[in-house]
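Trainee: Take a look and give me a structure for this.
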Amino acid sequence: MPREPVGQSFGIHTLPRLTLLITQMDARHFVVENQLFTRIQGDRSQDFPIQLPPSEPHDPERRFKLDSLNRMSWILDEFPFLMAIPLENPFSGLLFDRLHYNGDRFVVPSKYGFKLRLNVLRAWEDLELNLRAVVYAMAEICQTYLPKTFRFWAFPKRYGYTKTYTSQAVAQSIAIQSRDSFIPLIATATFFLVLMETHAHPEPGSTWRETVLKKTGIHHQWLSDLELSIAGDFKAKRVGGIMRSPRQLAALSLPLSQLNMPLFVSWGLLSDPALFQAPNYLKGKHFVPTSSEIQALRSGQRLSRERSRSPLSSPQASLLRFPPVDPLSRQRPGEKWEQFFARHAYDPLLLSPLEKQKWESRAKNAVKQAAPGKKGARVFVWDDVDGFRVRRHAGRKHVDDIWEAYGSKQRRYDALRDEWDLCSEFGENSDDGSDDEGPIGASHDTVLGALYEETAPLTSLTELLPDDPLQLPLGRERSTADLQRVHGLDNREEGSALSFSDTAEDRAYYWYGFVTPDYPLENNIPKSFTWRNSCEFLGNGRWLNAITIACPTSPPSMATQGYICTFFERLLSSQKVDDMPTALYDLSLQLIDKNSPIYIHREAIEGIQHYFIRPHESKRLESIPWQVQLTSAPSVMEIIRRRWGTDLVGLVGQLLDRGIPFRMPITGPLTPPPAVQELQPGLGYRPANYQPDAADYAAYLSYRDSFLRSPKGRAALMHGGIVSRLAREAVPYQHVFDGPTLDVFSTGAMLPVSSVGYWDDCLTEHEINLICGVYKVDTGNRKSTQTADLSWWPKPSIWSTAGINLGFWSEDCERWFQGQLSKLENGEYSLKNPAAWRNGLKFYKPTSKITTQNEKLAAEYLMRCL
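Mentor: Model (predicted):
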């Protein structure tokens, strides 16, 4: 087992901003202070330190300085993981959210002095314990790839967060240091996760994950949580480092290249570089300077120049800039809270009657200023980060802890979005109460006090506490308890079932174009379809019994039932609009006239028809903020038949109610976004024949809803089908009008129309997997590393072929959804592969043919008219 530092911890030297003399051959090889360097990855001009860090070994007697961990330095054999320290949001995500506290809110008075709040203390202890178990196990697996002098950084408990202190200021300082000491532990987990992916040799017949779980005994979901956290996010920006020798480069270049961080290697003095130590395969990658390149640097073919960086352009001054914002918050980089609220102000005239009713009801209830419950409004806190206010989603499990720390004048409520904002700058905290006793109060300490025996209080902590040995396997109990804390294992309701008001005749007309003939038709005796078959085509017949089938909503006459059945028979056999009987089909009529409330523009892009809809008052795109883009011709026809569109908010609401996919793009450049290859695992990996439990399902709900409440949740709500249904309970309709995310031009989807690009957010494969609850499950074939997708819900590609998917969300869709949901809420946890989902969603085969025919004929009609 790798050793942990004995006695005092180690520090990283600060890097002062100094002018230096740099001779540059090219962007790959360069000279600093007569030493030859090669850039492996990163930007040399931005990432390389202003002055070379001191080359002498770290003094083992120096006090550990956590505030210097975000600065690049030499990569040490003892602590190679320090280069993997995150530069931004180290405590982001569900697993590490418990560390997102400020010192003045998590230290409370106790009988003997001041201490960390007990619920916070237990959360930190469980996190540290499980993290240590995982990194110990991974270190054992890849021990042959670690430097001989490798050892772990001092673990957080040694910083004293479990102790009581006589001074509140000391207790707060110790709490902050203890919290920050989790950062090198997170970096250690990142380092080993990279090694697991590139160098791990697990036990025969096992994957590295199975070996880790066997050694630790923890729950599969806890390891997945770690991989889904910032520790496992290899795209997150990290500090990086400078390798001292080619030996380090040879050993670490492959795993370290997987991380998003600057990386450099030193060859020693330019006059005598140690190139002979470089492996041959590195020369093929041009990581090793050639003799001609070295000679060019020596002869100074390019003039040396003195360069000075301004403080704000150097990486060491990055902390002086605005800190990174929380992706869940909708706050823009550099945006102050005053600007945020000004941007999110809304016009009540844009609210639909239903939204206005909800708005008034919520605003009335918010006057009481009661803390939201588990299903209440979301809460955001404006934290003070280096003098800047950053909006952070508090998380429902933290609301009770922080609510009473803010007075009534420091809370703001948005009744439209159902959100509370808490900030000390909103006003004075003039509320009466026992704020001096901390956010949770004495009664909470009394309940939890028996869990810990307080020792005599300390005046300070002059040296690190001794380490507590950890024995593996740790066992499942502590990780399961931690999952309970992170996700909550109690079953959560997904909201009530949706209601529908359309009659059978309404659905037949508005979606298909059926009209009741003005005169009796001859031979109106359907041959192929019964009325029950027709009800399935109308989206309300799959689960109706023999009694209710006669009148699923409002019973049409027997004659009308016969006409509708005949209509579907003819629709299935028709090749074009003119093949349909004019007495039964409204597309034989002129439906689009000058009095239509909407203007429809059609564009064929890569063989797909796109329909752009906006109010008819102005045909100039610049004069209105939004327009609706659809690809479903029947959806456009329903909009025309119902004469929607004068109220764009109402139109969007109707599309969302029906689960119809659409977008609301903005105009932008015609340059397509760069292609990004994503290899994200959704909810993570599982072994072959894995049986999920309540912890897995609760974690899925947490990750899914956390994503849906981010700005990208808007794209999920407009995605249609099963994705839209899963998003409805978490994403308010009004978020559609918040517009695309800030990075839409680099990560979104663009449609070229004439000289304009139409841009909107789109869901990546990883995001769809997250919403539908997809796991990568080992196939059990030990001769390969193949995995299969198993999921809680069918993916959109499968839902599109479902026998109950008519292009909108119907009663049959909702009954199926509620049936699946009831099984999950009753503890029937099972995952299905794509084949199982596809077989279970076949139902009545002609349904998909009817849907295809409806799309075909509606598109033909729109091509004629537009």
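Trainee: CA only for contacts and neighbour counts going forward, please
Mentor: Noted.
Trainee: Okay, helices next: where are they in the stretch 301-450 of the chain?
Mentor: 337-343, 353-366, 399-402, 441-448 (DSSP state H, counting those that start in this stretch).
Trainee: Out of the ones you listed, which gets the lowest mean score?
Mentor: Set side by side, the helices of the stretch 301-450 of the chain differ in mean pLDDT, and helix 441-448 is lowest with a mean of 33.
Trainee: on contacts alone, who are the packing partners of the very next helix or strand once past that one?
Mentor: Where DSSP states H and E defines the elements, the next helix or strand beyond helix 441-448 is helix 476-487. The contact analysis (3 or more CA pairs under 8 Å, 6 or more residues apart in numbering; DSSP states H and E) places helix 476-487 against helix 118-141, helix 220-228, helix 694-708.
Trainee: buried sites along helix 476-487?
Mentor: 476, 478, 479, 480, 482, 483, 484, 485, 486, 487 (16 or more other CA atoms under 10 Å).
Trainee: any idea how far residue 365 is from residue 359?
Mentor: According to CA to CA, to the nearest Å, residue 359 and residue 365 sit 10 Å apart.
Trainee: same deal with residue 261?
Mentor: From residue 261 over to residue 365 (counting by CA to CA), the distance is 48 Å.
Trainee: Which of these two has more residues huddled nearby?
Mentor: Legend: neighbour count by other CA atoms under 10 Å for residue 261 and residue 365, higher for residue 261 (25 against 11).
Trainee: can you pull the pLDDT of the more buried one?
Mentor: At residue 261, pLDDT is 90.
Trainee: Now do the contacts for it.
Mentor: 41, 42, 84, 237, 238, 239, 240 (CA atoms under 8 Å, 6 or more residues apart in numbering).
Trainee: Now intersect those with the helices, please.
Mentor: Among these, DSSP state H puts none in helices.
Trainee: What's the local residue count around the closest residue to residue 485 other than its chain neighbours?
Mentor: Once flanking residues are discounted, residue 485 sits nearest to residue 123: 7.6 Å by CA to CA, 6 or more residues apart in numbering. The burial count assigned to residue 123 is 17, neighbours taken as other CA under 10 Å.
Trainee: My understanding was that residue 123 contacts residue 484; is that so?
Mentor: No - with contacts counted by CA atoms under 8 Å, residue 123 stays clear of residue 484, the gap being 10.6 Å.
Trainee: circling back: make TSV from the helices and strands packed on helix 476-487 and add mean pLDDT and distance to residue 742 to it.
Mentor: Formatted as TSV, the helices and strands packed on helix 476-487 follow (pLDDT from 0 to 100; distance: least, CA to CA, whole Å):
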stretch	mean pLDDT	distance to residue 742
helix 118-141	94	34
helix 220-228	94	23
helix 694-708	92	16
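Trainee: Inside strands: which ones of the contacts of residue 261?
Mentor: residue 41 (DSSP state E).
Trainee: closest to residue 215 among the contacts of residue 261?
Mentor: Among these, residue 84 lies closest to residue 215 (CA to CA), at 24.5 Å.
Trainee: got the contact list for that closest one?
Mentor: Residue 84 touches 187, 188, 190, 191, 238, 239, 240, 259, 261, counting by CA under 8 Å, 6+ apart.
Trainee: What of residue 666?
Mentor: Neighbours of residue 666 in contact, by CA under 8 Å, 6+ apart: 626, 739, 740, 758, 759, 760.
Trainee: Could you list which of these belong to strands?
Mentor: Using DSSP E, these in strands are 758, 759, 760.
Trainee: top of those residues by neighbour count?
Mentor: residue 759 leads the ones in strands among the contacts of residue 666 on contacts (other CA under 10 Å) with 26 neighbours.
Trainee: Residue 69: neighbouring residues, count only.
Mentor: Residue 69 has 23 nearby residues by other CA under 10 Å.
Trainee: Might one say that it is in contact with residue 81?
Mentor: No - using CA under 8 Å, residue 69 is not in contact with residue 81; the gap is 11.1 Å.
Trainee: pLDDT-wise, what's the bottom of the contacts of residue 666?
Mentor: residue 626 (76).
Trainee: mind checking how far that one is from residue 740?
Mentor: 11 Å.
Trainee: what residue of this structure is the furthest out?
Mentor: Distance from the C-alpha centroid of the chain peaks at residue 522, with 59.1 Å (CA atoms, centre = their mean).
Trainee: Is it correct that that one falls within a strand?
Mentor: No - if the criterion is DSSP: H, G, I helix; E, B strand; the rest coil, then residue 522 is coil and not within a strand.
Trainee: Next, find the distance separating it from residue 866.
Mentor: For residue 522, the distance to residue 866 - CA to CA - is 34 Å.
Trainee: Tell me which stretches of the stretch 301-450 of the chain form strands.
Mentor: Shown for the stretch 301-450 of the chain, the strands assigned by DSSP state E, counting those that start in this stretch span residues 305-307, 378-385, 388-393, 411-414, 419-422.
Trainee: Then the stretch 1-150 of the chain?
Mentor: Under DSSP E, counting those that start in this stretch, the stretch 1-150 of the chain gives strands at 20-24, 29-32, 35-41, 73-74, 107-109, 114-116.
Trainee: What separation is there between the residue farthest from the centre of the chain and residue 566?
Mentor: 11 Å.
Trainee: Next: residue 288.
Mentor: 77 Å.
Trainee: likewise residue 232?
Mentor: 58 Å.
Trainee: Quick check: the residue nearest to residue 485 vs residue 100, distance?
Mentor: For residue 123 relative to residue 100 (CA to CA), the value is 12 Å.
Trainee: Nearest to the middle of this structure, which residue? Look it up for me.
Mentor: Geometric middle of the chain (CA atoms, centre = their mean) lands on residue 707, at 4.2 Å.
Trainee: so who does that one touch?
Mentor: Taking CA under 8 Å, 6+ apart, we find residue 707 in contact with 328, 713.
Trainee: which residues in the stretch 601-750 of the chain form helices?
Mentor: 633-642, 648-657, 694-708, 713-717, 721-727, 744-747.
Trainee: among the ones you listed, which is nearest residue 600?
Mentor: Of the helices of the stretch 601-750 of the chain, the one closest to residue 600 (CA to CA) turns out to be helix 633-642, at 8.9 Å.
Trainee: got the angle for that closest one vs helix 648-657?
Mentor: With axes from the mean of the first three to the mean of the last three CA atoms, to 10 degrees applied, the angle from helix 633-642 to helix 648-657 works out at 130 degrees.
Trainee: and the contacts of residue 84 as JSON lines, adding distance to residue 654?
Mentor: Shown next, in JSON lines, are the contacts of residue 84 (distance: CA to CA, whole Å):
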{"residue": "187", "distance to residue 654": "48"}
{"residue": "188", "distance to residue 654": "50"}
{"residue": "190", "distance to residue 654": "46"}
{"residue": "191", "distance to residue 654": "49"}
{"residue": "238", "distance to residue 654": "45"}
{"residue": "239", "distance to residue 654": "48"}
{"residue": "240", "distance to residue 654": "50"}
{"residue": "259", "distance to residue 654": "45"}
{"residue": "261", "distance to residue 654": "46"}
